[in-house]
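Structure for the following, please:
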Amino acid sequence: MTSSKNPCSEPIDRSNPVVIQRMLTNHLIYTEGKSVKTATGRDWYEAAAHTVRDQLIEKQLKTAEEHAGQDPKRLYYLSLEFLIGRTLSNAALNLGVEPALREGLKALGQDLEKIEEVEIDAALGNGGLGRLAACFLDSMATLDLPGQGYGIRYEYGMFNQRIKNGEQVERPDNWLRFGNPWEFQRPECIYPVKFFGRVVQFPDGNDGVEHHWVDGETVMAMAYDVPIPGYNTDTVNNLRLWASKATREFNLDSFNAGDYISSVQEKNISESLSKVLYPNDSSAVGKELRLRQEYFFVCASIQDILVPFFEKHNDWTLLPEKVAIQLNDTHPAVAVAELMYQLIDVHHLRWDHAWELVTKIFAYTNHTLMPEALESWSVDMFERVLPRHMEIIYEINRRFMAFVNHHFPGDTDLLRRVSIIDETHGRRVRMAHLAVIGSHTVNGVAAIHSGLLKTTLFADFHRIFPEKFVNVTNGITPRRWLNQCNPGLAELIASRIGTGFVRDLDQLKNLVPHAEDADFRHQFRAVKQANKMHLAAYIEQKVGIRVNPDSLFDVQIKRIHEYKRQLLNVLHVITLYNRIRSGRAHTITPRTIIFAGKAAPGYKLAKQIIRLINDVASIVNDDPAVHGLLKVVFLPNYDVSSAEKIFPASDLSEQISTAGTEASGTGNMKMALNGALTIGTLDGANVEILEEVGDDNIFIFGMTTAQVASLRQNGYSAWDYYHGNEELKQVLDMIGNGFFSVDDTDRYRQIFDNLTQHNDHYLLLADYASYIASQDKVSLLYQDKEEWTRRAILNVANMGKFSSDRTIQEYADNVWDVKSVKHDRS
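Residues are numbered from 1 along each chain as shown. Modelled structure (predicted):
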């Protein structure tokens, strides 16, 4: 008698290394078509990835069934970037199969760490914006929140950075050249996206007018799904990425006529929309491509978001009870106009009803205090590319202007300042204004940033809508940024307080008394030293520079930008160099100063800063008089995987932006969580880190935001600082006179001029003396290993606030009104 039980329904014990070993060999044979003897490193990676992916997709399908059955309110996170990094190690740890995977591979003669290195970072983002979005997806899944990310499946990342003769050289980042085992193509999930054309009007039969967007060009958006697992939970959410596809693959007539280029021209143009992350928008063509790229992913996402609602409901008033949409910065702000288009033109709702729904659905996160960084588009281009949406934006603006005029009669300056259409700079569409007007909540990402939004950038909007503005301080996922990237420290912490901190980072507070334990400090230092040795080997492999793991690892890794003030760090490097050359070597604590980060291809001054760093490094590192007291390293092609090596090895975290310029920063959180002390200004999340760790455990220097504003208002003279500080003058003269560029003595004249004649916009010279004095305190403290370690432990212990789990729970409770969905395990 045979059993009626389906053997395929039997649960598989993936915590058993023997089971994992069998799955690995099966995938090696049946997925890769290789044997154990013939498999390459990439074959083993693919087999391991598919082994882990099997469990991911099982849990994701169950999660989707739970969400469909319970029909909760869902959160949709729209972001142009998702910098998710490598998936294998993160997914294995979150699913709890990492030990079995390691053992299963070992039994087959393979090493998990080597296999993990085969994986190419997913090039779906550039910097903090995309990394934050990835942390948020991790936390949504970990907290069992029904959420989904939407973005673009870029075929090429921003660029692969190489350094040639000290200069940044951009190469295509073809991250998909070997395929991506973590994605599932969904050819059935495809939507039309229209551009150009014209709008015609017809009577609607009810004394109104219907608008029809006709002619134009259509591109198809096809979905690719990437599973996002939570930690120690059954929830696996989804990241849906859109790839552009032509409506017609091939023009056979053109091909047969011998015009081979024209035969595929339409396909090539259409598919360029998802080709490259952040195309250079310094030209008109680049700007248009950027706008089309943003609308492309927004249009497909909004159509897709409405599908599950239609499957369950036919009452539009329920839409805000089932859908919440978060705009991650201004890039997806056109979604406000797109949802209006869908509601009034496609589904024929009245304007007032549609607008009421829209303003209950959207929330907007601002990530910058710089007006020039807020996206805007010329009206002429916007009208040509998206003619119907331009009409909708005009109508939104007309009604908003009437609202403002009613509540603030006669204030024409206010009307001009808050209008979506900027009439003062050649007529431009201000996307941040559209986002603020169309959202029920606007948040900054650190307490100081949110405060400044209300008093500077969005002061007028705060006056009109004071109830809209809130703060939600950013956070980072402890799964990737401690448990995964620093296993030695995670294990040490777990040995004293248990493993609960991986889900509840506030439990790190229990480490505070251990900072006074000499044995724990010794073990903590041993972990840090091992991480530094690992990074030192990586540095030598990547750039051929041998560094001393016993030296202080002084680290600044972030996008290269003037306001982030990598130049101020360089001024300190040269100051130390001059002190060594002048016979003051006995006062120097050995340091390795590490830079990493990309400059935007069109940002010439940022690229000059990279070259200066490398030229200074060449002189300093090759000078025998330095006696190994100082090394300077620029690590090329900074990405998530290299960050995972750098953060655990860092002793000092450089967070030195001009006060009032950095929205939050998350590198500061990652460094501190991994046991680095911070040197920084009172900017962004540094302020809240100071509040958490205490004055004694952080090095704060420089002017406050108020002092910066006062100095500028009262008249800032960079020359006064230049002439008033001999060390500073010597450093600047060396840069300006070609000491570090003997083959081209004027190479850095522009940098010198910007800091002196052009009055030093980011106030490096004003903060220089305070920065150097603070760095001297760093050097002195680092000589006392026990005290430095004690303070480093207290930094780790007080990082609980900066978990992205806390951030996401605040969004869920205070912004989205989205509840956790627990799985039915019966």
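
shaky segments in this structure?
Filtered on pLDDT under 70, the chain yields the residue ranges 1-12, 248-268, 824-826.

phi, psi of Gln556?
Per-residue torsions, Gln556: phi -130, psi 100 (degrees, to the nearest 10).

That one touches Leu567, doesn't it?
No - the pair Gln556 and Leu567 does not pass the contact test of Cβ atoms under 8 Å, sitting 10.7 Å apart. Quick note: C-beta positions are derived from backbone N, CA and C, even for glycine.

which residues are in contact with both of those two?
Shared contacts of Gln556 and Leu567, defined by Cβ atoms under 8 Å, 6 or more residues apart in numbering, are absent.

In PDB, list the C-alpha atoms belonging to stretch 289-304.
As requested, the backbone C-alpha atoms of stretch 289-304 are provided in PDB (Å, rounded to 0.1, in the frame of the first residue of the first chain):
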ATOM      1  CA  LEU A 289      17.100  60.600 -20.400                       C
ATOM      2  CA  ARG A 290      17.200  61.200 -16.700                       C
ATOM      3  CA  LEU A 291      13.600  62.500 -16.600                       C
ATOM      4  CA  ARG A 292      12.400  59.700 -18.800                       C
ATOM      5  CA  GLN A 293      14.200  57.200 -16.600                       C
ATOM      6  CA  GLU A 294      12.400  58.500 -13.500                       C
ATOM      7  CA  TYR A 295       9.000  58.500 -15.100                       C
ATOM      8  CA  PHE A 296       9.600  55.100 -16.600                       C
ATOM      9  CA  PHE A 297       9.900  53.400 -13.200                       C
ATOM     10  CA  VAL A 298       7.300  55.500 -11.500                       C
ATOM     11  CA  CYS A 299       4.700  54.900 -14.200                       C
ATOM     12  CA  ALA A 300       5.200  51.100 -14.100                       C
ATOM     13  CA  SER A 301       5.200  51.000 -10.300                       C
ATOM     14  CA  ILE A 302       2.000  53.000  -9.900                       C
ATOM     15  CA  GLN A 303       0.200  50.700 -12.400                       C
ATOM     16  CA  ASP A 304       1.500  47.700 -10.600                       C
END
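
Pull out the buried positions in the host helix or strand of Ala537.
Following DSSP states H and E, the helix or strand that holds Ala537 is helix 518-543. Residues Phe520, Arg521, Gln523, Phe524, Arg525, Val527, Lys528, Asn531, Lys532, Leu535, Ala536, Ile539 are the ones in helix 518-543 that count as buried (16 or more other Cβ atoms under 10 Å).

what's the closest non-adjacent residue to Arg186?
Nearest non-adjacent residue to Arg186, counting by Cβ to Cβ, 6 or more residues apart in numbering: Ala223, 4.1 Å away.

pretty sure that neighbour is touching Leu239, no?
No - in this structure, Ala223 sits apart from Leu239 without contact. The criterion is Cβ under 8 Å, and the distance is 10.5 Å.

more neighbours, the two?
Per other Cβ atoms under 10 Å, whichever of Ala223 and Leu239 has more neighbours is Leu239, with 26 against 23.

for the more buried one, helix, strand, or coil?
Assigned state for Leu239: strand (three-state reduction, DSSP: H, G, I helix; E, B strand; the rest coil).

Pretty sure the residue nearest to Arg186 sits in a helix.
No - residue assignment for Ala223, taken from three-state DSSP, gives strand, which places it outside any helix.

Report the separation between it and Phe159.
Computed with Cβ to Cβ, to the nearest Å, the distance linking Ala223 and Phe159 is 26 Å.

again with Phe196
Noted for Phe196: a distance of 29 Å to Phe159, by Cβ to Cβ.

ok, these two, which is more surrounded?
When Phe196 is set against Phe159 and neighbours are counted by other Cβ under 10 Å, the residue ahead is Phe159, at 22 against 14.

quick one, what contacts the residue nearest to Tyr721 when sequence neighbours are not counted?
Sequence neighbours aside, Leu765 is the residue nearest to Tyr721 in space, at 3.8 Å (criterion: Cβ to Cβ, 6+ apart). Shown in contact with Leu765 (Cβ under 8 Å, 6+ apart): Ala718, Tyr721, Tyr722, Leu728, Leu755, Thr756.

nearest to Gly498, of these?
The shortest separation between Gly498 and any of the contacts of Leu765 is 50.0 Å, and it belongs to Leu728 (by Cβ to Cβ).

how near is that closest one to Ile735?
11 Å.

now swap in Tyr76 and tell me
From Tyr76 to Ile735 the distance is 48 Å (Cβ to Cβ).
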